[in-house]
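# How does the following fold in three dimensions:
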Amino acid sequence: MLMLYPCMIAFTLAARYTKYGLLIPTPNWLTTSQEALWFTGICFGAVSLIHIFLVVYITLKGPRESPRMSRVFAWFAPMTFWFGTCAYFFVFTILARYGVAWQEWVLFGAFALGLFFVTAVLICVAVSLAKVVDAPPAQVPVEGGPGQGNQ
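Reported below is the predicted structural model:
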């Protein structure tokens, strides 16, 4: 899934650029057609689903045998990842050579805010489920050790 994220971004940006950035314009070249809006929604939705899967993996599951995240990293890593995904949304939106429709800016805002909300909720869930730690646990002496007589 980690390799699917950059591949999806690369392919959708290439498709957007070849359709709206390189070709000779037509009278309705602004990205207002239903086809363009559907394509934008599908691209944003696919990247958002992969983003959510990876943030769930980072915050809730984590790699096996890995150390738990500190509180600072628990916020920093997913929010940096969210910022990168929003940068993709922005680049995708402005990659039209002859103008961008206001509907695409609405899609950009809706997906960016939606991902922010989902990422923040996942971070809060991870913190509340104690998936992150503040400090290593203190050593607790065990009763009944050597010289104390096991009874």
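# what's M8 in contact with, if anything?
Contacts of M8 were listed using CB atoms under 8 Å, 6 or more residues apart in numbering, and they are A46, V47, I50. The way it works is simple: take the backbone N, C-alpha and C, and place the C-beta from them, glycine included.
# how near is the second one to F116?
Applying CB to CB, to the nearest Å, one obtains 14 Å for the distance of V47 from F116.
# do the first one as well
Counting by CB to CB, the separation of A46 from F116 is 18 Å.
# Please apply the same query to the last one.
In this structure, I50 and F116 are separated by 16 Å, where distance is defined by CB to CB.
# more crowded one of these two?
Higher neighbour count among I50 and F116: I50, with 19 against 15, using other CB atoms under 10 Å.
# so where does that one fall, helix or strand?
Using DSSP states H and E, I50 sits in helix 34-56.
# now the strands for the chain?
Assigned strands in the chain, in chain order: 69-70, 132-133 (criterion: DSSP state E).
# and those, which one is worst for confidence?
Lowest mean pLDDT within the strands of the chain: strand 132-133, at a mean of 52.
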